[in-house]
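Undergrad: Build me a model:
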Amino acid sequence: MNGFRIPVSEAGMTTVTAAGVAAEAVDGPFKSFPSGLHDQLRPFFADITEEVVRAIRTEIPEYARPTDDTYMQVVHQGVEHALQGFLQRMAEPDGDGEPVRATYQRIGRGEADEGRSLDTFQSALRLGARVAWRRINALVDADLLPRHVLAAFGEALFLHLDEMAAATTTGYTEARLYAAGELRQRRTRLIDLLIVDPPASVAAITELARTAQWPVPRSLAVVVIDRGARAAGPPPIVPPEFLARFDVQPAVLVVPDPEGPGRARAVAGALQGLRAAMGPNVALQEGARSLRWATEALDLARRGVLPDTQMVRCRDHLATLLLFRDEALVDAMADRHLRPLDSVRLPQRERLAETLLSWLQCGHNASEVAARLAVHPQTVRYRMRQLDELFGDRLHDPTAQFEMQLALRALNLRRAAPVR
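TA: This is a model prediction of the structure:
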């Protein structure tokens, strides 16, 4: 190639000088190049492309895939698009560079799909710019390019680099957001599938779990969370292996293998002091049962029937859950077996009911009843004579005793609950 010829005026004077380039730089570096410079550079860009590709493969391990021809073609095309896009902007300085940006947005999406961070790609961009800059300097040193265009070339090269980096970041971010949104949707559908009644098949759950990137556990438990006034705030941060829905009230948390090491601590950390209830540990397709029990337990905790602690575990309150499954049945038992107490004045009625429950729970042992109630054994015997007069033979019927105890236990829990 002959040396680059600088355009001259009719008077034979050089019309493009270093000062002229600097003056034109106000309109942008791509407008500062002499007309025709891109055509003079074009024959060199094939070699520059190959050198940039070799440098990327050699110096950046993540791009070194010598046995993957398809992947290396993609790398080669990316470099070629960047350099040819640069030449195109030199030829058309008023262009918007949209084709190059569109290409690098696609590359950014590809980097996200590959699972790489943008740090690797940014390193490749910087490396490519250094190689291109080195080769352009070599052309200047060989008098194949005029030295006064070097400053504009450097500014244009790094402007081009910045725009490619920005386009890649845009594509990368869009892809990550899309993937995160898709993953959230799949995990939401998976929660619905795990707690549906009648239950879904294990095969259906397993397939959706795979697309939701959720390792299928041996068992699970459902936690329901009462966010209350904090529902409008940011949702709690939960471990990635948990499935969570905070857009419903109460919020739902699916805990895989709840008896596993560290699970209790992880659940407590996710609750952040919120009232919650954990259902029983169930098989994969029985999440609806765990949800139902947890929901009932949370309701009883709200009422004060169950302890209003940070989290109520259903397994610790099975009898109470059973009693309150249908409170109308409890009322019916109370009406049938405890009606004789209605004939006694209220203060005495409560004392007799308390004594009767303790007597049934202590196996009819007056001394144990006295110790439990902190009264004299003779007081217990006196009250039991009153109860015997009220209930007669029913007081000694095992079936009646059992149902009396259930009714008294439920009524006692209700009475202990604070008025809300």
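
Undergrad: Please count neighbours and contacts with C-alpha atoms only from this point.
TA: Will do.

Undergrad: what about the stretch 51-200 of the chain, any weak spots by pLDDT?
TA: Within the stretch 51-200 of the chain, the segments meeting pLDDT under 70 span 65-71, 96.

Undergrad: tell me the SS of the nearest residue to Ala416 once chain neighbours are set aside?
TA: Of all residues beyond its chain neighbours, the one nearest Ala416 is Val305 (7.2 Å), with distances taken as Cα to Cα, 6 or more residues apart in numbering. For Val305, the assignment made with DSSP: H, G, I helix; E, B strand; the rest coil gives coil.

Undergrad: Torsion angles phi and psi at Val305?
TA: Dihedral angles of Val305 (phi, psi; degrees, to the nearest 10) stand at phi -70, psi -40.

Undergrad: wait, isn't it in contact with Leu413?
TA: Yes - checked against Cα atoms under 8 Å, the pair Val305 and Leu413 is within contact range at 5.7 Å.

Undergrad: between those two, which one's more packed in?
TA: Taking neighbours as other Cα atoms under 10 Å, Val305 and Leu413 compare with Val305 leading, 22 against 14.

Undergrad: Could you check the pLDDT of that one?
TA: Among the per-residue scores, Val305 holds a pLDDT of 90.

Undergrad: any idea how far it is from Ala410?
TA: Note on Val305: its distance to Ala410, by Cα to Cα, to the nearest Å, is 9 Å.

Undergrad: neighbours around Gly363, how many?
TA: 10.

Undergrad: and it, which of the three is it?
TA: Each residue gets one of three states, and Gly363 gets coil by three-state DSSP.

Undergrad: Check it and give its pLDDT.
TA: With respect to pLDDT, Gly363 scores 87.

Undergrad: contacting residues for the closest residue to Trp293 other than its chain neighbours?
TA: If the residues on either side of it in the chain are set aside, Trp293 comes closest to Gly279, at 5.4 Å by Cα to Cα, 6+ apart. Gly279 is in contact with 221-223, 289-295, 313-315, counting by Cα atoms under 8 Å, 6 or more residues apart in numbering.

Undergrad: Repeat the analysis, applying 6 Å as the threshold.
TA: 221-222, 290-291, 293-294, 314 (Cα atoms under 6 Å, 6 or more residues apart in numbering).

Undergrad: Filter those residues down to just the ones in strands.
TA: The members of the contacts of Gly279 that map onto strands under DSSP state E are 221-222.

Undergrad: Give me the mean pLDDT for stretch 408-420.
TA: Stretch 408-420 shows a mean pLDDT of 78.

Undergrad: let me redo that: stretch 312-323
TA: Per-residue pLDDT over stretch 312-323 has a mean of 92.

Undergrad: tell me how far the ends of that stretch are from each other?
TA: Terminal residues of stretch 312-323 are spaced 16 Å apart (Cα to Cα).

Undergrad: roughly how far apart are the residue nearest to Trp293 and Gln310?
TA: Relative to Gln310, Gly279 is positioned 14 Å away (Cα to Cα).

Undergrad: residue boundaries of the helices in the stretch 51-200 of the chain?
TA: In the stretch 51-200 of the chain, the helices defined using DSSP state H, counting those that start in this stretch lie at 69-91, 98-114, 118-141, 150-194.

Undergrad: who are the neighbours in contact with Ser117?
TA: By Cα under 6 Å, 6+ apart, the contact set of Ser117 is empty.

Undergrad: Name the surrounding residues that touch stretch 176-188.
TA: For stretch 176-188, the surrounding residues in contact (Cα under 6 Å, 6+ apart) are Ala212.

Undergrad: what about Arg409, which SS state?
TA: Arg409 ends up helix, using three-state DSSP.

Undergrad: Which secondary structure element is home to the closest residue to it other than its chain neighbours?
TA: Of all residues not flanking Arg409 in the chain, Leu357 sits nearest, at 7.3 Å (Cα to Cα, 6+ apart). Using DSSP states H and E, Leu357 sits in helix 346-361.

Undergrad: so how far is Arg302 from Thr295?
TA: To Arg302, Thr295 is 11 Å away according to Cα to Cα.

Undergrad: meant to ask about Leu87, not that
TA: Look at Leu87 and Arg302: by Cα to Cα, they are 70 Å apart.

Undergrad: Also Leu373?
TA: Distance, Leu373 to Arg302, using Cα to Cα: 28 Å.

Undergrad: measure Asp255 to Glu80 for me?
TA: Just to correct that, residue 255 is Val rather than Asp. As defined by Cα to Cα, Val255 lies at a distance of 50 Å from Glu80.

Undergrad: Neighbour count: the two, which is higher?
TA: Val255 (25 against 19).

Undergrad: In three-state terms, label the residue nearest in space to the middle of the chain for me.
TA: Using Cα atoms, centre = their mean, the residue of the chain that lies closest to the mean C-alpha position is Pro240, 6.2 Å off. Classification of Pro240 by three-state DSSP places it in coil.

Undergrad: Ramachandran coordinates for it?
TA: Dihedral angles (degrees, to the nearest 10) for Pro240: phi -60, psi -20.

Undergrad: what's the answer for Arg227, then?
TA: Per-residue torsions, Arg227: phi -80, psi -20 (degrees, to the nearest 10).

Undergrad: Nearest residue to it in space, please, no chain neighbours.
TA: Distances taken as Cα to Cα, 6+ apart place Leu274 nearest to Arg227, at 6.2 Å, with adjacent residues excluded.

Undergrad: ditto for Pro256
TA: In this structure, Pro256 finds its nearest non-sequential neighbour in Leu220, 4.4 Å apart by Cα to Cα, 6+ apart.
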